[in-house]
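A.B. asks: What follows is a protein structure lacking sequence information:
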């Protein structure tokens, strides 16, 4: 049996978001344990021209839900990017997961050949659903998860590769 577009998207996004949620829980506990202002971690970035931890979580959320929308045809919820706390980021992740979990495999049938056009101003790449998922959506999603992990690690959290990989089941 071949892998389906559903199998290679929704469960992967849900798992990544759950791992990101676990990382945020560890970050929040770390700030409490060390008497640190949570804003220091939430606004931390790896380089001045990169998004903060908040921005990384927002983009991972957006990538997962908009990919679900583009591949299934089911409208995703829109979030305003107003999160300023760990609790608000956790809520955003939970809402993203809740949306993804409403999607059904049948809604992805034929999506591998669907045309997906993105709009980044003057840059408007066009993909088949298959190439969109494999060359844009998944790499973009994991870039933001990885960068969030790296921001936390760079700022002293005792996390490593196994925290990034999560549980295996």
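C.D. replies: Yes, it's here. Source: prediction; values computed, not measured.

A.B. asks: can we go C-alpha only for contacts and neighbour counts from here?
C.D. replies: Will do.

A.B. asks: ok, the residue nearest the centre of the chain - contacts?
C.D. replies: Closest to where the C-alpha atoms of the chain average out (C-alpha atoms, centre = their mean) is residue 60, at 2.3 Å. With contact taken as C-alpha atoms under 8 Å, 6 or more residues apart in numbering, residue 60 is in contact with 17, 140-142, 144-145.

A.B. asks: Mind doing that once more with 7 Å?
C.D. replies: 141, 144-145 (C-alpha atoms under 7 Å, 6 or more residues apart in numbering).

A.B. asks: Among those residues, which one sits closest to residue 32?
C.D. replies: residue 145 (22.6 Å; C-alpha to C-alpha).

A.B. asks: which element follows the helix or strand where that closest one lies toward the C-terminus?
C.D. replies: Secondary structure from DSSP states H and E places residue 145 in helix 138-154. Scanning forward in sequence from helix 138-154 by DSSP H and E, the next helix or strand is helix 161-165.

A.B. asks: Please list the outside residues in contact with that following helix.
C.D. replies: Residues outside helix 161-165 that contact it (C-alpha under 7 Å, 6+ apart): 19, 149.

A.B. asks: Now do the strands in this protein.
C.D. replies: 115-117, 126-128 (DSSP state E).

A.B. asks: Mean pLDDT added to those, as CSV?
C.D. replies: As requested, the strands of the chain are exported to CSV (pLDDT from 0 to 100):
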stretch, mean pLDDT
strand 115-117, 96
strand 126-128, 97
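
A.B. asks: would you turn those into TSV with distance to residue 8 and mean neighbour count?
C.D. replies: Listed next are the strands of the chain as TSV, based on distance: least, C-alpha to C-alpha, whole Å; neighbours: other C-alpha atoms under 10 Å:
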stretch	distance to residue 8	mean neighbour count
strand 115-117	17	16
strand 126-128	15	15
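
A.B. asks: Residue 51 is nearest to which of these?
C.D. replies: Of all the strands of the chain, strand 115-117 sits nearest to residue 51, with 24.4 Å by C-alpha to C-alpha.

A.B. asks: partners of that closest one in the sheet?
C.D. replies: Applying DSSP bridges, strand 115-117 is found paired with strand 126-128 (antiparallel).

A.B. asks: distance between the helix holding residue 145 and the chain's centre?
C.D. replies: Averaging C-alpha positions (C-alpha atoms, centre = their mean, to the nearest Å) puts helix 138-154 9 Å from its chain's average.

A.B. asks: Can I get the strands of the chain in TSV including distance to residue 165?
C.D. replies: Below are the strands of the chain laid out as TSV (distance: least, C-alpha to C-alpha, whole Å):
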stretch	distance to residue 165
strand 115-117	29
strand 126-128	28
